[in-house]
Every structure is written in C-alpha cells, then in structure tokens.
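1. Give me coordinates for this.
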Amino acid sequence: MEFDELREELKKIVFVTVREESSDYFEAVIDKSELMNLASRLENFFGPRIWPSKNKLSEEVVNSIREFGGVMPDQALYFRKTNNKGAFAMLWPWQNGEHITVKISNR
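-> The predicted model follows:
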C-alpha cells in the first residue's frame, strides 16, 4: 500500500475535525469510538505500532518525528520507511479521554 492509498483509506474514518490535509501530511481529531477503525487502517499501512515500547526509538525515527513534537509515554507511534523517507502516524490522546489527535506524515 502506498501513501496515497492510505489517504484514501482515511476517508472511511469519521473525524471530528480535519486540521490539515496535503499530499504528504494529514492532521485531524477523532472521537475515541473511531480508534479501532483508524488503528486497523494504520496497521495495514505501517505494520504494528512501534511506540509505546520498552525499546528505545532509533535515531532515524526520533529525527523524523522531532518537528512534530516527538512522542510521549501515553501516545502511539507507527513508522515505516518509504522511498528513503520516514513515514509515520502519531496518536495523541486528549486529557478529556474522548478525543485523539492524529498526525500522519510522509515528508
């Protein structure tokens, strides 16, 4: 599956709001009830989550996500190398327990 195909799959998700959408970046907010639907599509593209994990993130991953705020213990990260670039998805749960910010990049 290519990144454009993932973007098509995202159209099947119900988003509370879409903050930004371009050919290489997508940011939106989902309701917690959509998490399983989103996670299955992300796993089809990226494979299993790499964070949270007991393992330290590689330098390549850290560098890829740095400009997007990094990742904290209660967040999730998916990563894969595509066309010599690091593609990733970050899921940031809100403190209200009801919403999750989704950041997906292929930059």
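
2. from here on, contacts and neighbour counts on C-alpha atoms
-> Fine.

3. Can you show me the strands along this structure?
-> Listed in chain order, the strands of the chain (DSSP state E) span 15-21, 25-31, 76-82, 85-93, 99-105.

4. Mean pLDDT for those strands - can I get that in TSV?
-> Compiled in TSV, the strands of the chain are given as follows (pLDDT from 0 to 100):
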stretch	mean pLDDT
strand 15-21	96
strand 25-31	96
strand 76-82	91
strand 85-93	92
strand 99-105	96
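
5. Now mean neighbour count too, for those, in CSV please.
-> What follows is those, written out as CSV (neighbours: other CA atoms under 10 Å):
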stretch, mean neighbour count
strand 15-21, 13
strand 25-31, 18
strand 76-82, 19
strand 85-93, 20
strand 99-105, 21
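
6. can you tell me which of the ones you listed comes nearest to P52?
-> Closest approach to P52 among the strands of the chain (CA to CA): strand 76-82, 5.9 Å.

7. got the angle for the closest one vs strand 85-93?
-> 170 degrees (axes from the mean of the first three to the mean of the last three CA atoms, to 10 degrees).

8. who does strand 76-82 touch, helix- and strand-wise?
-> helix 35-46, strand 85-93 (3 or more CA pairs under 8 Å, 6 or more residues apart in numbering; DSSP states H and E).

9. and the closest residue to R107 other than its chain neighbours, how many neighbours?
-> The shortest distance from R107 to any non-neighbouring residue, by CA to CA, 6 or more residues apart in numbering, is to D24 (5.7 Å). Counted with other CA atoms under 10 Å, residues neighbouring D24 total 13.

10. What of the one 10 residues further on?
-> Residues near E34, counting by other CA under 10 Å, number 15.

11. give the contact list for it.
-> Residues near E34 by CA atoms under 8 Å, 6 or more residues apart in numbering: 13-14.

12. Quick check: it vs E2, distance?
-> Using CA to CA, to the nearest Å, E34 is found at 22 Å from E2.

13. do the same with F26
-> For F26 relative to E2 (CA to CA), the value is 15 Å.

14. now swap in K32 and tell me
-> 26 Å.
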